[in-house]
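Chemist: Here is the input, now give the coordinates:
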Amino acid sequence: MQFGDYRVEIVPDTEFRLDGGAMFGVVPRNLWSQVCPPDDQNRIRMNMNCVFIEAGSERILIETGIGEKFSDKQTRIYGITRERPLADSLRAITGVGPEAITIVINTHLHFDHAGGNTALDKDGKLTPAFPNARYFVSRAEFEHGEKPTERDRASYLPENWQPLRKTGQLELKEADYEVLPGLHMETHPGHNRTMQCWRLEQGDRTIFGFADLVPMRSHVPYAWIMGYDLFPTETLEAKKRLLPQAVREKWLCLFYHEPVSPLGRVIEEDGKLRAVDYSQIQSGEDDV
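Modeler: Model (predicted):
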């Protein structure tokens, strides 16, 4: 779609599954299972929705999905059902291949957000999946990824960023920075201390990428917070700050892990917040 001066496209990676209890924390199973039915291993369907932004000579990819380096055992554990490589989805949806991407941005370095940063070549050697791109991540997140805690160590796989240091493609950024006019990265603690969300503004219109702060549409209610979050009370504070603003200003919202319709809008009805699919948004003033 055209969003002001920029072209924006959503590029889904692949469906995968995580434990529903972990994804919803203290929310009882009999509640979350009504909106996210689990499989026989208590896992729920999810996806990884990367975002392509074309701005003049820059072709930007925010997030790179889970990657294609997992073993057969890991693929089974995470219920990965890949229909095609991310590179093929990128070409089909945007018309450009990985070699045309000039900037890759990771909101954080968890394997399901940065796994596609690198790939294995025909000789089994790790190589940048986007050979001509600069890779952006916050310095604080990089430092945390290099020395994670016991609780989140399994989420950080160094093969997703260390090869980029060797090629000189990894650029460490501030906690809040501007990628290009109108596109900002901003740190919102909760999932961890250093995860970023992205905000694209054109005039009075905004698209906001919540990353893992609000990973799915079903996480819009304030108390529906992942068990994976290191600082859930800070997640709650961030949601109470950002979601009412999203309602007031009619942001388009990107829910990174939503399996079917990741782009939507947050509305308030009877004092409660919920997400509405972009496809259901009426034409007219809501058109982008």
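Chemist: what are the ranges of the strands in the stretch 51-200 of the chain?
Modeler: 58-62, 103-105, 118-120, 126-128, 134-138, 170-173, 176-180, 183-187, 196-202 (DSSP state E, counting those that start in this stretch).
Chemist: of these, which approaches residue 47 most closely?
Modeler: strand 58-62 (14.7 Å; CB to CB). C-beta here means a position set from N, CA and C on the backbone, and glycine is covered the same way.
Chemist: what sits up against the longest helix seen in the chain?
Modeler: When the chain is parsed with DSSP state H, its longest helix is helix 232-248. The contact list for helix 232-248 (CB atoms under 8 Å, 6 or more residues apart in numbering) reads 25, 188-191, 197, 208, 210, 213-214, 220, 222-223, 225-226, 229, 251, 253, 265-268, 273.
Chemist: Now which of these would you call buried?
Modeler: 25, 188-191, 197, 208, 210, 213-214, 220, 225-226, 229, 251, 253, 265-266, 273 (16 or more other CB atoms under 10 Å).
Chemist: what about the closest residue to residue 109 other than its chain neighbours, neighbour count?
Modeler: Excluding the flanking residues, the one nearest residue 109 by CB to CB, 6 or more residues apart in numbering is residue 145, at 4.1 Å. Residues near residue 145, counting by other CB atoms under 10 Å, number 25.
Chemist: In this structure residue 145 contacts residue 159, no?
Modeler: No: using CB atoms under 8 Å, residue 145 makes no contact with residue 159, being 11.6 Å away.
Chemist: in which helix or strand would I find residue 21?
Modeler: If you go by DSSP states H and E, residue 21 is part of helix 20-24.
Chemist: Go ahead and produce PDB holding the CA coordinates of stretch 97-104.
Modeler: Provided in PDB are the C-alpha atoms of stretch 97-104 (Å, rounded to 0.1, in the frame of the first residue of the first chain):
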ATOM      1  CA  GLY A  97      14.900  -9.800  -3.800                       C
ATOM      2  CA  PRO A  98      17.200  -9.900  -0.800                       C
ATOM      3  CA  GLU A  99      20.100  -8.300  -2.700                       C
ATOM      4  CA  ALA A 100      18.000  -5.100  -3.200                       C
ATOM      5  CA  ILE A 101      17.400  -4.500   0.600                       C
ATOM      6  CA  THR A 102      19.500  -1.600   1.800                       C
ATOM      7  CA  ILE A 103      18.600  -1.600   5.500                       C
ATOM      8  CA  VAL A 104      17.500  -4.400   7.800                       C
END
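Chemist: Report the buried residues of it.
Modeler: Using 16+ other CB under 10 Å as the burial criterion, the residues of stretch 97-104 that qualify are 98, 100, 101, 103, 104.
Chemist: tell me the average confidence for that stretch?
Modeler: Stretch 97-104 carries an average pLDDT of 98.
Chemist: and that stretch, how far out from the chain's middle?
Modeler: 17 Å (CA atoms, centre = their mean, to the nearest Å).
Chemist: So, low pLDDT: which residues of the chain?
Modeler: Applying pLDDT under 70 to the chain flags the ranges 281-288.
Chemist: Could I get the full set of helices for it?
Modeler: Ranges of helices in the chain, per DSSP H, are 20-24, 29-35, 72-77, 86-94, 111-114, 139-146, 162-167, 232-248.
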